[in-house]
Structures are given as C-alpha cells and as structure tokens.
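Trainee: got a predicted structure plus its sequence, pasted below:
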Amino acid sequence: HQFGGDPKADLTSLAEAAGEALPDADLWAPVLPLHYTSFHDPDAIVADLLARLDRLLERSGYESIVLVGHSMGSLLARKLYVVACGELPDCPLEAPFAGAVRRRWADRVERIVLLAGMNRGWSFSHHLHVGTLVVWWCGLLVLGAVRWMRYLVRRVPLVEHMRRGAPFVTGLRLSLGPLSWGSD
C-alpha cells in the first residue's frame, strides 16, 4: 500500500474490483510500516514479506499469483519479486539478499500490477500542483528535522530510502535489468 496508507481503508475499491474480476481469488493485503515517522529499512520490510509469503504459499495450492503495489508499495512489490526470483550470476543482489535462491512460488507470479508506482523514487518536479508543492516543502522541513534525529537513532527515515537516487531505488532498478528483458 501507499506511504502513510492503510490497506483496509485505502484499498477497499481495489479489493471489490478484484473480487468482481476474480471471484475465486484470495486477497492478502498486509499492513506495512509505511507511516510518516517510520525508520524501517525497506530491505527488512521485503525480507519480512518474503517470510510471510513463504509460510502462506507453502500450504496453499495457488496456481497463479498477482502482486499489486500502490505508490511506495510498488517499489516493495517489485523488490519482493526480484528477490523471489533469486540471485542471478550476472546480477548479484545486495547484502541482505546476496545468495538468495529462487522461491518455488516465483514461477506462479503471473502479473505485477503497479498503481501510481514510484518506479524511480520520489522527487520534486515542476509538474506538481502548487498546493502539493507547498505540502511537500513543509514535509521536507519536517524531514530535515528527522534527518538530524537519524544521528541520534542511527537509522535513516523510510521516506529517504525511497527518494530518487537512493541506494534502495537504484539497486532495484539495476537488478531489474535481466528480468525486464525476458529470455528473447
């Protein structure tokens, strides 16, 4: 789900549409620590999701899986799939996932749907509405204060991991190279 969002409240219409299109499908919408004051590491979030999905899918007979990510959740959904596919010789994964082996359920991922995906991370743009820009600038002032806090807590705010050019975003974009071209 999105940054600052609640999947139960924000994804209700998506769940209804999915239920109409795929009446026999099960929907799993985990609540993620994507709140405004989060200092969670996105790799740790992905590792937790992988462990939870491994447990969920080992006892199920699902033939196909569709991953859906909204906004910041789109980066996490993509990273989840990349790690589930395992490390490739030509494209090693970064430290937390180095040597990852292919999950059995990765072959059952039929589609990845990204809604308002921040594929390159977030950044300021001249295309933003003036009101949105003011809100973001205020958020940046708060983030500036939070950045100073990271020296005290020795952790980086989650939102900083998702900024354009941040190691998490850049590493994800690089690791998608071989997967995005397919076998042709």
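Mentor: That came in fine, so what should we check first? Since the structure is predicted, the reported quantities are computational estimates derived from the model, not experimental observations.
Trainee: and R111, which of the three is it?
Mentor: With DSSP: H, G, I helix; E, B strand; the rest coil as the basis, R111 sits in strand.
Trainee: wait, V135
Mentor: Classified using three-state DSSP, V135 is helix.
Trainee: pLDDT at it, what is it?
Mentor: Each residue has a pLDDT score; the one for V135 is 72.
Trainee: what about it, distance to L32?
Mentor: 22 Å (C-beta to C-beta, to the nearest Å). Backbone N, C-alpha and C define where each C-beta goes, glycine included.
Trainee: count of residues packed around the spatially closest residue to L114 that is not a sequence neighbour?
Mentor: Distances taken as C-beta to C-beta, 6 or more residues apart in numbering place S74 nearest to L114, at 4.1 Å, with adjacent residues excluded. Around S74 there are 22 other residues, counting by other C-beta atoms under 10 Å.
Trainee: would you agree S74 falls within a helix?
Mentor: Yes - assigned with three-state DSSP, S74 falls within a helix.
Trainee: wait, doesn't it sit right on N119?
Mentor: Yes - between S74 and N119 a contact is recorded at 7.0 Å, counting by C-beta atoms under 8 Å.
Trainee: what number of residues lie near the nearest residue to V66 once chain neighbours are set aside?
Mentor: Of all residues not flanking V66 in the chain, R111 sits nearest, at 4.8 Å (C-beta to C-beta, 6+ apart). As a burial measure, R111 scores 9 neighbours (other C-beta under 10 Å).
Trainee: fine by me, thanks again.
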